[in-house]
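Colleague: Predicted model, plus sequence, below.
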2 protein chains.
Amino acid sequence: MELIVDGWFHEKNSMWPHQATSLEVSEVLASEKSKYQDILLFKNQAFGTVLVLDGAIQLTEKDERVYNENIVHIPIMSHPNPKRVLIIGGGDGGALREAVKHPSVEEVVMCEIDERVIELSKKYLPGLSAGFSHPKAKVVIGDAVQYIKECADCSFDVIVSDTSDPVGPAEALFEKDHYTLLKRVLRPDGILCSQAGCIWFDLEIIQKMMKFSRELFPTVDYATFNVPTYPYGALGFLLCCKSNEINFKEPLRTLSHKDLDELDISVYSQEYHRGVFLTVPRYIKNAM
Amino acid sequence: MELIVDGWFHEKNSMWPHQATSLEVSEVLASEKSKYQDILLFKNQAFGTVLVLDGAIQLTEKDERVYNENIVHIPIMSHPNPKRVLIIGGGDGGALREAVKHPSVEEVVMCEIDERVIELSKKYLPGLSAGFSHPKAKVVIGDAVQYIKECADCSFDVIVSDTSDPVGPAEALFEKDHYTLLKRVLRPDGILCSQAGCIWFDLEIIQKMMKFSRELFPTVDYATFNVPTYPYGALGFLLCCKSNEINFKEPLRTLSHKDLDELDISVYSQEYHRGVFLTVPRYIKNAM
């Protein structure tokens, strides 16, 4: 509870020093220490329910669709025929909710280490956790690395790495060894889409990730977009594909606005998909 | 100085309630009340020098180029042959610095009401105010509306409206009457690019502006992009053209990376130009 001072939560953090996103707290819904992390859920009048893990904002109801729709639909719409999807992390359920929407997708395995995040999301974030009960969803509680190493004939068309930040407990998930492991369980046209930091303060990490990804995959790209409640109002995805015939900038398949309405997809569109690869500032693109 | 509490500036404001951008203050450079507004300049270790007017962050050294390059280069690169440019506001000098870079541009008139912003920018923001002394620059101290009404045979290829926010003292600059006046001094292919709020909390204002702009101009579009220190990490531009042969999404002329390097343009590129029109979330685009 010491994260909240005078009714405000300030996201002060050594990963993004000297600045913070500040949110007024109208009600604390939950504050506990799970086996893995500090979990805080509170209400804010501008953003709705807010989920904070180890002091870092993970999502708010108002803007979660920017993140969850894009981390899922960009790789899925870039794939010719995605059937099996793996989500690493994503305990709030938002990515799962999006992945099960695609008619071609037959199964979505979500592997989350912290069961309490799932339980609290079911209680306080019904708009996100709805996907847990979908017939295509298979929820695994455990360490994703262990799961991948142990599962027999494990293979996926799309892997979505929906983890916490590259500095801290999830650090190993942003290393070359981990990407090598993920490559092994990707099918021949397989696509990996990973939360990959922020262009404004993680550039060195992004450069390192782009470098080893290019050593492992013939097709690598980076997208960035505005998410109001993430530090510096921005987040980026690293996309890798085992095929050299994929151009992430151009979705392979299309969804009409009618389709998107029916699937309740509100942020993503083919236009948006193209745009997020273009809006990397030139000097940052050069540095990549 | 009451804006700074325990060494932090919190941008709390009724325009964007219940949340704030918070910046640690390492040194206050200036804090005064001009004839028009409260002016605060301070140093932050992540963003460099920060300019705040009436409690609202106007720019930081780290991210000002995203705003200043785009508000100028998007309209200028969309115009077939821009020669005369008017900047409304822009007292920090950033937009002026960018506009004088274009070889075709012969004169840039900048009309700023508050001389103290110019003087303080010259003192504390040399990277922005460099353009004031450029031979193409003509700096007018005064009310832009008055200037436009009084100047004889006044006409411009590009007008950049680099003002403060749509709620508050600059409110009249976001109204139909003002746009009607600007249209009068735009040449036949003339383009107007205006700071036009934030998609996340100004949607009603944007809708109103899009509506009256479409009544006045045959070509109207809206771009949005990530600026870390603006509320919700985002800002948008409204673009209007008197010609119906302009497509803002496609720059009419091109600048190679060599050209961009030579002109010291670091964020803007043709790619970036295309991207900012695409990354409006679908449900917000529909509402426009």
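Modeller: Now that the structure is in, tell me what you want to look at. Numbering: from 1, shown residues only, chains lettered A, B, ... in the order given.

Colleague: So which bits of the stretch 51-200 of chain A are right by chain B?
Modeller: A:62, A:63, A:65, A:66, A:200 (CB under 8 Å from any CB of the partner chain). Where C-beta positions appear, they are placed from N, C-alpha and C, glycine not excepted.

Colleague: Leaving out the residues flanking it, which one is nearest to the first one?
Modeller: So that's residue A:62. Once flanking residues are discounted, residue A:62 sits nearest to residue A:47: 4.3 Å by CB to CB, 6 or more residues apart in numbering or on different chains.

Colleague: measure that neighbour to residue A:272 for me?
Modeller: With distances defined as CB to CB, to the nearest Å, the gap from residue A:47 to residue A:272 amounts to 21 Å.

Colleague: ok, back up a step: can you tell me which of the residues of the stretch 51-200 of chain A next to chain B lies nearest to residue B:207?
Modeller: Distance to residue B:207 across these (CB to CB) is lowest for residue A:62, with 18.4 Å.

Colleague: Give me the secondary structure label for the closest one.
Modeller: Reduced to three states with DSSP: H, G, I helix; E, B strand; the rest coil, the structure at residue A:62 is coil.

Colleague: how close does it sit to residue B:202?
Modeller: Separation of residue A:62 from residue B:202 (CB to CB): 14 Å.

Colleague: picking up where we left off before, export the residues of the stretch 51-200 of chain A next to chain B to CSV and tack on neighbour count?
Modeller: Listed next are these as CSV, based on neighbours: other CB atoms under 10 Å in any protein chain shown:
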residue, neighbour count
A:62, 19
A:63, 23
A:65, 24
A:66, 24
A:200, 22
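
Colleague: Give me the pLDDT value at residue A:166.
Modeller: Per-residue confidence (pLDDT) for residue A:166: 81.

Colleague: Number of residues surrounding the closest residue to it other than its chain neighbours?
Modeller: The spatially closest residue to residue A:166, leaving aside those adjacent along the chain, is residue A:174, at 4.2 Å (CB to CB, 6+ apart). Residue A:174 has 24 neighbouring residues, counting by other CB atoms under 10 Å in any protein chain shown.

Colleague: what does residue A:266 give?
Modeller: Around residue A:266 there are 16 residues (other CB under 10 Å).

Colleague: Can you classify the spatially closest residue to it that is not a sequence neighbour as helix, strand or coil?
Modeller: Excluding its sequence neighbours, the residue lying closest to residue A:266 (CB to CB, 6+ apart) is residue B:283, at 4.3 Å. On the three-state scheme (three-state DSSP), residue B:283 is labelled helix.

Colleague: and the residue in the stretch 101-250 of chain A that chain B sits nearest to, what is it in contact with?
Modeller: Minimum separation of the stretch 101-250 of chain A from chain B (CB to the nearest CB) falls at residue A:233, amounting to 1.2 Å. By CB atoms under 8 Å, 6 or more residues apart in numbering or on different chains, the contact set of residue A:233 is A:226, A:227, B:226, B:227, B:228, B:230, B:232, B:233, B:234.

Colleague: at 10 Å instead, please
Modeller: Contacts of residue A:233 were listed using CB atoms under 10 Å, 6 or more residues apart in numbering or on different chains, and they are A:21, A:63, A:198, A:200, A:225-227, B:21, B:63, B:200, B:226-235.

Colleague: now the helices for the stretch 1-150 of chain A?
Modeller: In the stretch 1-150 of chain A, the helices defined using DSSP state H, counting those that start in this stretch lie at A:64-78, A:94-99, A:115-124, A:126-129, A:144-150.

Colleague: Quick check: which of these is nearest to residue B:135?
Modeller: Scanning the helices of the stretch 1-150 of chain A with CB to CB as the criterion, the closest one proves to be helix A:64-78, at 44.5 Å.

Colleague: which residues in the stretch 151-288 of chain A form helices?
Modeller: Taking DSSP H, counting those that start in this stretch as the criterion, the stretch 151-288 of chain A carries its helices at A:176-184, A:203-216, A:257-262, A:270-278, A:282-287.

Colleague: tell me what the third one is packed against?
Modeller: Contacts of helix A:257-262 with other secondary structure elements, assessed using 3 or more CB pairs under 10 Å, 6 or more residues apart in numbering or on different chains; DSSP states H and E, are made with helix B:282-287.

Colleague: quick one: buried residues of the helix it packs on?
Modeller: Buried residues in helix B:282-287, counted by 16 or more other CB atoms under 10 Å in any protein chain shown: B:282, B:284, B:285.

Colleague: still on that earlier bit, pretty sure the residue nearest to residue A:266 contacts residue B:200?
Modeller: No: checked against CB atoms under 10 Å, the pair residue B:283 and residue B:200 is beyond contact range at 11.7 Å.

Colleague: one step back: let me know the pLDDT of the residue nearest to residue A:266.
Modeller: Predicted confidence (pLDDT) at residue B:283: the value is 96.

Colleague: residues contacting it?
Modeller: Taking CB under 10 Å, 6+ apart, we find residue B:283 in contact with A:65, A:260, A:261, A:265, A:266, A:267, A:269.

Colleague: Out of the helices of the stretch 151-288 of chain A, the one nearest residue B:189 is which?
Modeller: That would be, of the helices of the stretch 151-288 of chain A and by CB to CB, helix A:270-278, which comes in at 25.3 Å.

Colleague: can I get the residues of the stretch 51-200 of chain A next to chain B in TSV with pLDDT?
Modeller: Formatted as TSV, those follow (pLDDT from 0 to 100):
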residue	pLDDT
A:62	97
A:63	96
A:65	98
A:66	97
A:200	97
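
Colleague: Just name the closest of those residues to chain B, please.
Modeller: Proximity of those to chain B, judged by CB to the nearest CB, is greatest for residue A:200, which lies at 5.6 Å.

Colleague: contacting residues for the closest one?
Modeller: Contact analysis of residue A:200 by CB under 10 Å, 6+ apart lists A:16, A:224, A:231-234, A:236, A:281, A:284, B:46-47, B:62-63, B:226, B:228, B:233.

Colleague: one more time with 7 Å
Modeller: Neighbour list for residue A:200: A:232, A:234, B:228 [criterion: CB atoms under 7 Å, 6 or more residues apart in numbering or on different chains].

Colleague: Torsion angles phi and psi at it?
Modeller: phi -80, psi -30 (degrees, to the nearest 10).

Colleague: And the strands in the stretch 101-250 of chain A?
Modeller: Secondary structure of the stretch 101-250 of chain A by DSSP state E, counting those that start in this stretch: the strands cover A:107-112, A:137-141, A:156-162, A:186-195, A:219-226, A:234-241.

Colleague: Dump those into JSON lines; add mean neighbour count and distance to residue B:142 as well.
Modeller: Conversion of those to JSON lines gives the following (neighbours: other CB atoms under 10 Å in any protein chain shown; distance: least, CB to CB, whole Å):
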{"stretch": "strand A:107-112", "mean neighbour count": "23", "distance to residue B:142": "61"}
{"stretch": "strand A:137-141", "mean neighbour count": "16", "distance to residue B:142": "63"}
{"stretch": "strand A:156-162", "mean neighbour count": "25", "distance to residue B:142": "53"}
{"stretch": "strand A:186-195", "mean neighbour count": "22", "distance to residue B:142": "49"}
{"stretch": "strand A:219-226", "mean neighbour count": "23", "distance to residue B:142": "35"}
{"stretch": "strand A:234-241", "mean neighbour count": "24", "distance to residue B:142": "37"}
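
Colleague: Could you export those strands as TSV, including distance to residue B:27?
Modeller: What follows is those, written out as TSV (distance: least, CB to CB, whole Å):
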stretch	distance to residue B:27
strand A:107-112	44
strand A:137-141	50
strand A:156-162	40
strand A:186-195	35
strand A:219-226	30
strand A:234-241	27
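
Colleague: In TSV, list these along with mean pLDDT.
Modeller: Compiled in TSV, the strands of the stretch 101-250 of chain A are given as follows (pLDDT from 0 to 100):
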stretch	mean pLDDT
strand A:107-112	97
strand A:137-141	97
strand A:156-162	97
strand A:186-195	96
strand A:219-226	98
strand A:234-241	97
